[in-house]
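Visitor: Have a look at this fold, sequence not included:
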């Protein structure tokens, strides 16, 4: 099937966002997709903040985006926007790094007041980067994600049902050939 790049934009190693993404990665892998995780927090700060396009970690991240058929981008919401480390990475990628790709934006946060961060902060950036198809994203409240000591998570039933729905939409969209590619 498709190669999916799963990008966690959380600056924290123990974040709910990262754990949620890795949980969803397993679901995508079970559907037959090859999933490649990328935690932006592992990219050296000097490369991100110094805008070092030639840094090996930035070159590698760029290559991961190039090879992916689809991209899942997850971020915690801070001050009604996606994370700064995710912004730093997206700024260093080529202008059309998402051209021809199906993208699933996901966000986590403490209050429903931030639910529009996906549509008003993240989606315009993904669109400007040339995404062929941005499926409907999903915002999950922090309280609906329970982190267990063994690294697994529990997801509240309603949130789990909604996440399954958007993940299935993403997986289905990955199987479609973009109109531009079919015409070429």
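Guide: Happy to help now that I have it. Note that the coordinates shown come from a computational prediction; the quantities given were computed from them, not determined experimentally.
Visitor: gap between the longest helix along the chain and the chain center?
Guide: Criterion DSSP state H: the longest helix present in the chain is helix 157-174. Computed by Cα atoms, centre = their mean, to the nearest Å, the chain-centroid distance of helix 157-174 equals 14 Å.
Visitor: what comes into contact with that helix?
Guide: 1-2, 4, 20, 24, 27-28, 31, 33, 69-70, 72, 102, 104, 106, 133, 135-138, 140-141, 144-145, 155 (Cβ atoms under 8 Å, 6 or more residues apart in numbering). (Each C-beta comes from the backbone N, C-alpha and C, glycine too.)
Visitor: And the residue positioned nearest the centre of the chain, how far from residue 123?
Guide: Closest to where the C-alpha atoms of the chain average out (Cα atoms, centre = their mean) is residue 73, at 0.9 Å. Taking Cβ to Cβ, to the nearest Å as the measure, residue 73 falls 10 Å from residue 123.
Visitor: Residue 32 now?
Guide: Going from residue 32 to residue 123 by Cβ to Cβ gives 27 Å.
Visitor: of the two, who's got more company?
Guide: The neighbour count for residue 32 versus residue 123, taken as other Cβ atoms under 10 Å, is higher for residue 123 (18 against 9).
Visitor: how about the helix or strand that contains the more buried one: buried residues?
Guide: In the assignment (DSSP states H and E), residue 123 maps to helix 123-128. Of the residues in helix 123-128, 123, 125, 126 count as buried by neighbour count, 16 or more other Cβ atoms under 10 Å.
Visitor: next one: it to chain centre, how far?
Guide: Counting by Cα atoms, centre = their mean, helix 123-128 comes out at 13 Å from the chain centroid.
Visitor: Could you name the helices and strands sitting against it?
Guide: Here helix 123-128 touches strand 102-109, strand 133-134, going by 3 or more Cβ pairs under 8 Å, 6 or more residues apart in numbering; DSSP states H and E.
Visitor: All good on my end, thank you.
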